[in-house]
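**Student:** kindly generate the corresponding structure for this input.
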Amino acid sequence: MTRDRVLTKAVTGHDSLLRKAGLVLTGSLLIALAAQVAVPFFPVPMTLSTLAVLLVGLTLGSRLGAAAVLAYLAEGAMGLPVFAGGMSTASLVGPTAGFLYGYVGMAWLAGLAVEKGLARGIVSTALCGIGVSALLYVPGLAWPAAVMGTSAPDLWAHWMAPFLLGDAVKAVIAAMVVWGGWKALERRRG
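**Tutor:** Below is the predicted model:
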């Protein structure tokens, strides 16, 4: 029998539909809480959302991770104050919308890296997290460029450069948390 690569699958075993729904809801709530921890930058606030999205993807896997982010976006679309600064529906068409929609791909790719065995140890998981975080800038920057006509120098100066170091640190933290989860599970099974 091979070891499960997805942490929640290793902890809970074969998931029922109810358990999967609970994991998705819990993941969406984690992201919503992390979005409220914000440093007010303009035009994009620095939040712990990317850390939460990475954790959700790395622990739930690609499908459940993406489903958790879709649930998070649906909660915001319904008017719940789940986005940064207690925002809701308006954020889905505002300056940060590209990042919000990009979270779906971010969680899916992080989960896929785990499922394919690319994110096995703390270093490989951190490197996968950094790579996935970097890819978030594609939709994140494409939105303000297309919708608001933001220039490339402004995108770099205000939408990307201030966040690169923080995103790398958050990827390392996510890797440490997931690695710690695996170690705790191994000790428990010991």
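
**Student:** shaky segments in the protein?
**Tutor:** Applying pLDDT under 70 to the chain flags residues 1-3, 14.

**Student:** max-length helix in it?
**Tutor:** helix 164-189 (DSSP state H).

**Student:** enumerate the positions of that helix that are buried.
**Tutor:** 166-167, 170-175, 177-179, 181-182 (16 or more other CB atoms under 10 Å). Yep, even glycine has a C-beta here, placed from its N, CA and C like the rest.

**Student:** ok, now stretch 53-71?
**Tutor:** 53-71.

**Student:** my read: residue 135 touches residue 105, true?
**Tutor:** Yes: contact status for residue 135 versus residue 105: in contact at 7.1 Å, counting by CB atoms under 8 Å.

**Student:** now for the closest residue to residue 117 other than its chain neighbours, how many residues are close by?
**Tutor:** Using CB to CB, 6 or more residues apart in numbering and skipping residues adjacent in sequence, the residue nearest residue 117 is residue 5, 6.2 Å away. When neighbours are defined as other CB atoms under 10 Å, residue 5 has 18 of them.

**Student:** touching, residue 5 and residue 115? I think so.
**Tutor:** Yes: using CB under 8 Å, residue 5 is in contact with residue 115, at 5.7 Å.

**Student:** who touches the residue nearest to residue 117 in this structure?
**Tutor:** By CB atoms under 8 Å, 6 or more residues apart in numbering, the residues touching residue 5 are 114, 115, 117, 120.

**Student:** which stretch of helix or strand covers the most centrally placed residue in the chain?
**Tutor:** Centroid-nearest residue in the chain, with CA atoms, centre = their mean: residue 53, separated by 1.5 Å. Per DSSP states H and E: residue 53 is located in helix 49-60.
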